[in-house]
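J.: here is a sequence with its predicted model. Questions after.
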Amino acid sequence: QVQLVESGGGLVQAGGSLRLSCLASGRTFSNYHMAWFRQVPGKEREFVAAISWSGINTRYADSVKERFTISRDNAKNTVYLQMDSLKPEDTAVYFCAAARLRIGVFSSDYNYWGQGTQVTVSS
């Protein structure tokens with residue numbers, strides 16, 4: 001089992017920045033590819049960004065490219081999501097996820113999930 005705990009969410013004005021963190025425990029963190037997804041009420045969970053176990057490979061949703069950056073520190077068992085130039089449409093609950101097999105873009109690619117952290121961007 002892998003336990004994931006997100007932090008860093010909050011309220012920010014449009015154009016501002018936030019950095020989300022996800023602390024992992026349980027299994028060897030460096031064995032897992034990690035990702036961030038987000039969800040708004042009434043909609044499906046949406047892929048945001050993913051990073052390979054080594055940190056070398058990353059993937060981003062088109063809607064966040066050039067604004068968000070995913071990174072990880074395997075020594076600290078933590079994955080980060082730096083979010084810049086935030087827009088009201090970025091408002092959602094953000095979830096951290098872990099996978100063994102691939103850095104996919106679908107929820108079904110991931111085996112473990114955190115509880116989520118709320119991000120609200122005001123206009």
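T.: Looks like it arrived, so ask away. Numbering: from 1, shown residues only.
J.: who's the residue positioned nearest the centre of the chain bridged to?
T.: The centroid of the chain falls nearest to Trp36 when counting by CA atoms, centre = their mean (2.2 Å). Applying DSSP bridges to Trp36 gives these bridge partners: Ala49, Cys96.
J.: got the contact list for it?
T.: Each residue near Trp36 by CB atoms under 8 Å, 6 or more residues apart in numbering is listed here: Leu20, Cys22, Val48, Ala49, Ala50, Ile70, Val79, Leu81, Tyr94, Phe95, Cys96, Ala97. Placement of C-beta: from N, CA and C, glycine included.
J.: in CSV: those residues, plus pLDDT and distance to Asn111.
T.: Below are the contacts of Trp36 laid out as CSV (pLDDT from 0 to 100; distance: CB to CB, whole Å):
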residue, pLDDT, distance to Asn111
Leu20, 98, 20
Cys22, 98, 14
Val48, 98, 18
Ala49, 98, 18
Ala50, 98, 13
Ile70, 98, 18
Val79, 98, 15
Leu81, 98, 19
Tyr94, 98, 18
Phe95, 98, 13
Cys96, 98, 12
Ala97, 98, 8
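J.: of these - the most surrounded one?
T.: Counting neighbours by other CB atoms under 10 Å, Val79 leads the contacts of Trp36 with 30 neighbours.
J.: counting by contacts, list what the helix or strand containing that one packs against.
T.: Using DSSP states H and E, Val79 sits within strand 78-83. Strand 78-83 is packed against strand 18-25, strand 33-39, strand 46-51, strand 68-73, with contacts defined by 3 or more CB pairs under 8 Å, 6 or more residues apart in numbering; DSSP states H and E.
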